[in-house]
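Trainee: coords below, sequence missing:
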């Protein structure tokens, strides 16, 4: 049984919390969110046991007995400090994408996790979607021949996030899928975009 804490239970974090509560090999030990009303509502919605720590204070989980991992689903601007703290406290980390908004910070966190022998994973959920898994099977079987390029198109507007743009929120999925399918990183990327939202 893996004992975890979920940090941030907004739009996406609540889905992560629900899935971990239903997972037979996971025990949710704590939920951290700056909004006490949100915590109270989730306690009722999921009928959370009294043993689950509900707190607005991140540092309250630093010494939580038996805690092994944290799941971070906060706005991206907060990721670096939260992930760095969690790793230094000895916890494995599953972070919502993007890991951070700064590639140098991403490298620092990866190096820190490696030094401490901890898992640091970014939540690229589409990699585990049955259609994406099937695509990988087809590609690995060589049924498509030699692949020359990948093409992706995003045609849905929303949800609109205030902390990241379309590259960090949407295109990152396509890039992760291509990287995973091919076992490579891009040599060249071309992108176009249009501003649909006004001030």
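Mentor: Nice, thanks for sending it over. Everything numeric here is computed off the predicted structure, so don't read it as measured data.
Trainee: can we go C-alpha only for contacts and neighbour counts from here?
Mentor: Fine.
Trainee: Just the strands from the chain, written as ranges.
Mentor: Here the chain has its strands, by DSSP state E, at 2-7, 26-32, 53-55, 69-72, 92-96, 120-123.
Trainee: Reformat those strands as CSV; add distance to residue 110.
Mentor: Shown next, in CSV, are the strands of the chain (distance: least, CA to CA, whole Å):
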stretch, distance to residue 110
strand 2-7, 19
strand 26-32, 23
strand 53-55, 28
strand 69-72, 15
strand 92-96, 11
strand 120-123, 7
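Trainee: quick one: residue 174 and residue 190, what's the gap?
Mentor: As judged by CA to CA, to the nearest Å, residue 174 and residue 190 stand 13 Å apart.
Trainee: how many neighbours does the nearest residue to residue 55 once chain neighbours are set aside have?
Mentor: Once flanking residues are discounted, residue 55 sits nearest to residue 32: 5.0 Å by CA to CA, 6 or more residues apart in numbering. Neighbour count for residue 32, taken as other CA atoms under 10 Å: 22.
Trainee: got a list of what residue 32 touches?
Mentor: Contact partners of residue 32, counting by CA atoms under 8 Å, 6 or more residues apart in numbering, are 5-9, 39, 54-58.
Trainee: for residue 99, same thing?
Mentor: Residues in contact with residue 99 (CA under 8 Å, 6+ apart) are 76, 79-80, 106, 122.
Trainee: Tell me the buried residues within the residues you listed.
Mentor: Among the contacts of residue 99, those scoring as buried are 76, 79-80, 106 (criterion: 16 or more other CA atoms under 10 Å).
Trainee: Go through stretch 29-42 and flag the buried ones.
Mentor: Neighbour-count burial for stretch 29-42 flags 29-33, 39, 42 (criterion: 16+ other CA under 10 Å).
Trainee: ah, wrong one, I meant stretch 64-71
Mentor: By neighbour count on 16+ other CA under 10 Å, the buried set for stretch 64-71 is 67-71.
Trainee: Could you tell me how far the residue lying farthest from the centre of the chain is located from residue 68?
Mentor: Using CA atoms, centre = their mean, the residue of the chain lying farthest from its centre is residue 145. It sits 32.7 Å away. Using CA to CA, residue 145 is found at 44 Å from residue 68.
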